[in-house]
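A.B. asks: coords please:
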Amino acid sequence: MSADCCSAKSTTLEQLARQREQRRVLVIVLAINAVMFVLEFGAGVIAGSAALMADASDMLGDAVVYAVSLYALARSDRWKAGAAMLKGVVILALGVGIAVNVVVRIQSGVPPSSTLMLVFGALALLANLVCLRLLTRFRNQDVNMASTWECSRNDVINNCGVLLAAGLVWWLASPWPDIVIGSVMALIFLRSALRVMAEAAPQLRAA
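C.D. replies: Numbering: from 1, shown residues only. Modelled structure (predicted):
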């Protein structure tokens with residue numbers, strides 16, 4: 001019985017240590033995303049880039065996602081599943097917002113600044129690679145951390161899209177690469193939102 005007690009205590013301590021490590025990592029990536037949202041969205045407005053503003057909006061969404069993850073970290077499976085569902089809703093809202101912004105850019109028809117897109121797209125990619133690296137070790141621990149990792153992975157894909165759009169805008173002197181990449185990013189958001197919500201729904205019901 002003593003051995004069982006020690007074993008249970010060891011498992012509990014291991015879980016608490018893992019949660020503290022998760023919390024530390026989530027605080028770091030939350031801070032990175034909050035700072036990058038301010039920098040990248042400002043650059044997107046100045047550059048007139050739908051893709052850059054979409055990527056910045058994703059940074060804001062991720063900051064919210066990480067805050068929700070922190071709140072659910074030490075709570076029950078039901079709370080974690082609910083947090084994952086909320087993240088899916090946030091991603092869905094971002095996808096819709098990006099689609100609206102793309103329509104606005106189509107109507108304006110003005111090419112964005114490729115230089116600002118390249119500089120801030122590269123900076124955002126570096127920031128998100130750091131976040132993805134920090135989160136990878138926790139991705140299989142529960143649905144909450146899995147959905148958090150999914151958000152970070154999408155960011156890296158989006159950053160590559162912004163850089164591709166910047167290169168094509170510079171080469172073609174046209175707003176359409178920015179518009180097309182922005183549209184693709186919106187589709188990625190919508191697909192990811194449906195996936196996260198589909199994974200969270202049965203666990204939310206079961207909990």
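A.B. asks: Can I get stretch 170-181 in CSV, CA atoms only?
C.D. replies: Taking C-alpha atoms only, stretch 170-181 is exported to CSV below (Å, rounded to 0.1, in the frame of the first residue of the first chain):
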residue,chain,number,x,y,z
TRP,A,170,7.2,42.8,-56.2
TRP,A,171,7.7,40.8,-59.3
LEU,A,172,4.3,41.4,-60.9
ALA,A,173,3.5,44.9,-59.5
SER,A,174,0.0,43.6,-58.9
PRO,A,175,-2.3,43.4,-55.8
TRP,A,176,-3.6,40.0,-56.9
PRO,A,177,-0.9,37.8,-55.2
ASP,A,178,-1.7,39.5,-51.9
ILE,A,179,-5.4,38.9,-52.5
VAL,A,180,-5.0,35.3,-53.5
ILE,A,181,-2.7,34.4,-50.6
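A.B. asks: give the contact list for residue 196.
C.D. replies: For residue 196, the contact set (C-beta atoms under 8 Å, 6 or more residues apart in numbering) comprises 84-85, 87-88, 91, 147, 150. (Each C-beta comes from the backbone N, C-alpha and C, glycine too.)
A.B. asks: Let's see that with 7 Å instead.
C.D. replies: Residue 196 makes contacts with 84, 87-88, 91, 147, 150, as judged by C-beta atoms under 7 Å, 6 or more residues apart in numbering.
A.B. asks: Nearest to residue 37 among those residues?
C.D. replies: Each of these was checked against residue 37 using C-beta to C-beta; the closest is residue 91, at 15.2 Å.
A.B. asks: Which residue, other than its chain neighbours, is closest to that closest one?
C.D. replies: residue 193 (3.9 Å; C-beta to C-beta, 6 or more residues apart in numbering).
A.B. asks: Return the list of helices and strands in contact with the helix or strand in which residue 163 is found.
C.D. replies: Element membership for residue 163, per DSSP states H and E: helix 143-172. Where contact means 3 or more C-beta pairs under 7 Å, 6 or more residues apart in numbering; DSSP states H and E, helix 143-172 is packed against helix 50-72, helix 77-108, helix 114-136, helix 176-206.
A.B. asks: what inclination does it have with respect to helix 50-72?
C.D. replies: 170 degrees (axes from the mean of the first three to the mean of the last three C-alpha atoms, to 10 degrees).
A.B. asks: Mind listing what's buried along helix 143-172?
C.D. replies: 143-156, 158-159, 161-166, 168-170 (16 or more other C-beta atoms under 10 Å).
A.B. asks: and that helix, average pLDDT?
C.D. replies: The average pLDDT within helix 143-172 is 82.
A.B. asks: how distant is it from the center of its chain?
C.D. replies: 9 Å (C-alpha atoms, centre = their mean, to the nearest Å).
A.B. asks: for stretch 123-141, same thing?
C.D. replies: 10 Å.
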